[in-house]
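In: here is the input, now give the coordinates:
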Amino acid sequence: MLELERVAAAHWQGTEQEWLGDWLLRAADGFTGRANSALALGDPAAPLDEALDYVSGWYRARGLPAMIAVPLPLPDDGQAPGLDAALAERGWAIRPGQAFVMVAGLPLAAAGSGLPAGAVVAADARPDEAWLARYHYRGADTQPPVMRDVLTSAADQAFISIRAESGVLAIARLSIAEGWAGLTAVEVDPGRRRAGLGRAITEAACAEALGRGARRVFLQVEVGNAGARALYERSGFRYSHRYHYRMAPA
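Out: Below is the predicted model of the structure:
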């Protein structure tokens, strides 16, 4: 669990990062929780209250709320283990949007139904304007300047899209680092949902990963996103662990 979280941190990085013992502090002007939270991977090399004071001050200096990403095992039995319990006792609240990490071996075992007639798959080294226009992090229409830096922060990445004459039908970001492929930023044209495009873009990204030598892939999906979870399960992904963010008390 912790090793996979360490790997995943190399796929989606903050523009500013600092280690505090085994905690990785990340900041990127507030764009995404992963790039603007302290990832707890073990011992912060200081008493917990001192470490929390340092984390709070580090984020305060950058005009950001202090937030800690806490990896958690499966299953969720309702009990807060270890660090999570200690943070809860100190008033650090859970931010909405708890997520699962899912993994699969490559190639994927399941085969999709193919692309719509006339559609093609593209894999670009950088996101073009059409790809970016389809990307809406948490539904937002605005694209902060730091977004491109975060999207291209892995050792290697490709911006996958399914395109037709009518425009970009679906997108995904594929990242390669630490021997793993990572799948993020999966989106489908709202007018073309439930037509197999989610599965098609997932398989297209995983095929590209296989072609680049990756044999394992991970992704993160919100606990409440039942449709996406079912899609990934059908594609051969299994659950590794879960995580959530704890936010410092005001």
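
In: please make it C-alpha for all contacts and neighbour counts, starting now.
Out: Noted.

In: my read is that A40 contacts M67, right?
Out: No. The criterion here is C-alpha atoms under 8 Å, and A40 misses it with M67 at 10.4 Å.

In: which of the two has more neighbours?
Out: Of the pair A40 and M67, M67 is the one with more neighbours under other C-alpha atoms under 10 Å, namely 27 against 21.

In: doesn't P249 make contact with the more buried one?
Out: No. Using C-alpha under 8 Å, M67 makes no contact with P249, being 9.8 Å away.

In: what residues are shared contacts of these two?
Out: Jointly contacting M67 and P249 under the rule C-alpha atoms under 8 Å, 6 or more residues apart in numbering is no residue at all.

In: domain parsing for the protein?
Out: 2-99, 104-242 (automatic domain parsing).

In: now do the first one, average pLDDT.
Out: Averaged over domain 2-99, pLDDT sits at 95.

In: quote the end-to-end distance of that domain.
Out: 15 Å (C-alpha to C-alpha, to the nearest Å).

In: select the longest helix from this structure.
Out: Ranked by residue count under DSSP state H, the longest helix found in the chain is helix 197-211.

In: list the buried residues of it.
Out: 197-206, 208-210 (16 or more other C-alpha atoms under 10 Å).

In: between these, which is closest to W19?
Out: A209 (29.2 Å; C-alpha to C-alpha).

In: how far away is the closest one from A172?
Out: Taking C-alpha to C-alpha, one finds A209 at 12 Å from A172.

In: can you classify A69 by secondary structure?
Out: strand (DSSP: H, G, I helix; E, B strand; the rest coil).

In: tell me if I'm right that it and Y243 touch.
Out: Yes. Taking contacts as C-alpha under 8 Å, A69 lies within contact range of Y243: 6.9 Å.

In: more neighbours: which of those two?
Out: A69 (25 against 20).

In: which residues does that one bridge with?
Out: According to DSSP bridges, the residues that bridge with A69 are L39, Y245.

In: what about it, distance to A45?
Out: 17 Å.

In: how about the helices in this protein?
Out: 2-9, 48-60, 82-89, 129-134, 146-151, 197-211, 226-234.
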